[in-house]
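Q: only geometry, no sequence info:
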C-alpha cells in the first residue's frame, strides 16, 4: 500500500479499505470513543463555491434531516459536496475533481475564490466541538490541490477555538494528542511537510495513535454512504459506496453475509418484508457452485419461490434499504437521494420509520426528497428547503418559517404545507 505520508516521518502503513467496504478496522480508537463511547455526528456544514452552492450553511443538524426543493435547487450538489470530500480523502483531490470533469467544472461560475468545505462535529453535547475546513484551488494547468487544511477544537460555549492542525499547500504543523489548555497547543506543535499538496493531511495523520482528533475526523468522513435513485436491475456496476447493497449480485452477497453471521437480524428483515409486501412470505439465500449467491423470494399462496430477477424493483429496493440499515455501523452517515424512488407510497412511512430507528441507534441520515409523504414523517426542525436565487442556491430551515410552523402546530402535516407552496415561505428568502 502506497501511503501518502509526511516526508519527515517513517511509520508502518495501515492498509486502506476500499470505499466499498462496510466493516473497517481503525488503527486507533476515534476521539469520541475514547471519551464517551458515542459516535461522531455532523452538527453543521458550510459549502462555498461548489457548483451552485456559492455560500450555503446548514446548521444544527438533527440525526434525521430532509432537504426539499425543486429540481435544480441544489439538493444533489449538497450531497455531492459531501461525497467530494469523501473522495478527496480516499482518492486524493486531483482524482476527486477529475471524476467530476475537473476543478473548473465544479467551482462556482464566475468565482475566483477556492472551493471550501467546513464541517462541525462531535460525539456528544459534553464533548468539544471540532471544526474542519479544507480549501481547494487549482494550478495553471487546472489541477486541483489543497490550499488550506485546518482543524480547530473548541471547549465550552465561549472563547476562541484552538487550532490543532494547520496545513497550507502541503506544509504546516499539527498538534499531537488532545490539548488540555491553550499553553499546551504551542508546546506540542510538530512541523509537517507532505509529499504532495494534492492529498489531505488527515488521511495520513488519521492513521496514527498520536493524532486522535485527526483519527476521529478521518473515521467520520470515511464512513459516509450515499444512495442515489437508480434502477436496481440495471445498475450492478455503478461506482458507489453503497453499490454492494443496490445491485442484484451485491445485494445477494450482503444478504448471505447477514444470514450467516447475524441470522436474527436477517429474520427480522424477512418478517418486516412479509408484513408489508404481499407475496413475500420468506426469503431464501441459495449459494451456487460457482461461488455466487442467489436469492429466492417465496410466496406461500402460490407455494412457489421466485428468483430475484423476477422480483419488482420496488420490492428489491425496500429489501436493500433494510439490509443497509442492518449491516452498516450506526456511526455512519447515510445520505439518501429521493428514497421515494421505486417504492409504493404506502411503503414510504415504513422506510422513514426504519431510518428514524437507525438514527435513534446512533446513526445519522440526510434525505433529499420530492415526496410529501416523506415530509409527513418529520418535524419542522428536521427539514431544510433549498431554492435557486440569482443562479445560486439558498437554504432555509422550516423551523425558521413562522407561518409554516404555526400551521404545523395546528395539526397540518409538512407534506401538505409543502404542496400548498408554504415551504419555503417567500418572506424567509
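A: Received the coordinates, thanks. Keep in mind it's a predicted model, so treat the numbers as computed, not measured.
Q: hmm, who's touching the biggest helix by length in the chain?
A: The single longest helix within the chain, with elements called by DSSP state H, is helix 75-91. With contact meaning C-beta atoms under 8 Å, 6 or more residues apart in numbering, helix 75-91 is reached by 16, 19, 45, 47, 50-53, 56, 58, 67-69, 95-97, 99-100, 106, 117, 119, 134, 136, 200, 202-203, 218, 221-222, 224, 226, 241, 333, 335, 337, 366, 368, 386, 393, 395. C-beta coordinates here come from the backbone N, C-alpha and C atoms, glycine included.
Q: Let me know the next secondary structure element after that helix.
A: helix 93-98 (DSSP states H and E).
Q: Buried by neighbour count: which residues of that next one qualify?
A: Within helix 93-98, the residues scored as buried using 16 or more other C-beta atoms under 10 Å are 93, 94, 96, 97, 98.
Q: Identify the residues contacting it?
A: Applying C-beta under 8 Å, 6+ apart, the contact partners of helix 93-98 are 84, 87-88, 103, 106, 136, 138, 143-146, 198-200.
Q: Repeat the analysis, applying 7 Å as the threshold.
A: By C-beta atoms under 7 Å, 6 or more residues apart in numbering, the residues outside helix 93-98 that reach it are 84, 87, 88, 103, 106, 136, 143, 144, 145, 146, 198.
Q: same question, stretch 373-383
A: 62, 64-66, 68, 339-340, 345, 348-349, 352, 367, 397-399, 404-405, 408, 413-415, 418.
Q: Now, those residues that are in helices?
A: Of the contacts of stretch 373-383, the ones assigned to helices by DSSP H are 348, 349, 352, 404, 405, 408, 414, 415, 418.
Q: Correct me if wrong: the fourth one contacts residue 422.
A: Yes - Residue 404 sits in contact with residue 422 when judged by C-beta atoms under 7 Å, with a separation of 4.9 Å.
Q: Give me the phi and psi for residue 192.
A: The phi and psi values for residue 192, taken as degrees, to the nearest 10, are phi -130, psi 130.
Q: Would you map the strands across the stretch 101-250 of the chain?
A: Along the stretch 101-250 of the chain, the segments classed as strands by DSSP state E, counting those that start in this stretch run 115-122, 129-138, 144-154, 162-168, 171-175, 189-193, 224-227.
Q: in its sheet, what does the longest one sit against?
A: Pointing back at strand 144-154 there. strand 129-138 (antiparallel), strand 162-168 (antiparallel) (DSSP bridges).
Q: Averaged pLDDT, it. What do you get?
A: The average pLDDT within strand 144-154 is 96.
Q: now the angle between strand 189-193 and that strand, please.
A: 170 degrees (axes from the mean of the first three to the mean of the last three C-alpha atoms, to 10 degrees).
Q: residues touching residue 321, list them.
A: By C-beta under 7 Å, 6+ apart, the contact set of residue 321 is 351, 354.
Q: just to revisit the earlier point, for residue 274, find the nearest of the strands paired with strand 144-154.
A: When these are compared by C-beta to C-beta, strand 129-138 sits nearest residue 274, at 43.7 Å.
Q: what angle sits between that closest one and strand 115-122?
A: Orientation note: strand 129-138 sits at an angle of 170 degrees relative to strand 115-122 (the same axes, to 10 degrees).
Q: re earlier: out of the ones in helices among the contacts of stretch 373-383, which end up buried?
A: Of the members of the ones in helices among the contacts of stretch 373-383, the ones counted as buried by neighbours, 16+ other C-beta under 10 Å, are 348, 352, 404, 405, 408, 414, 415, 418.
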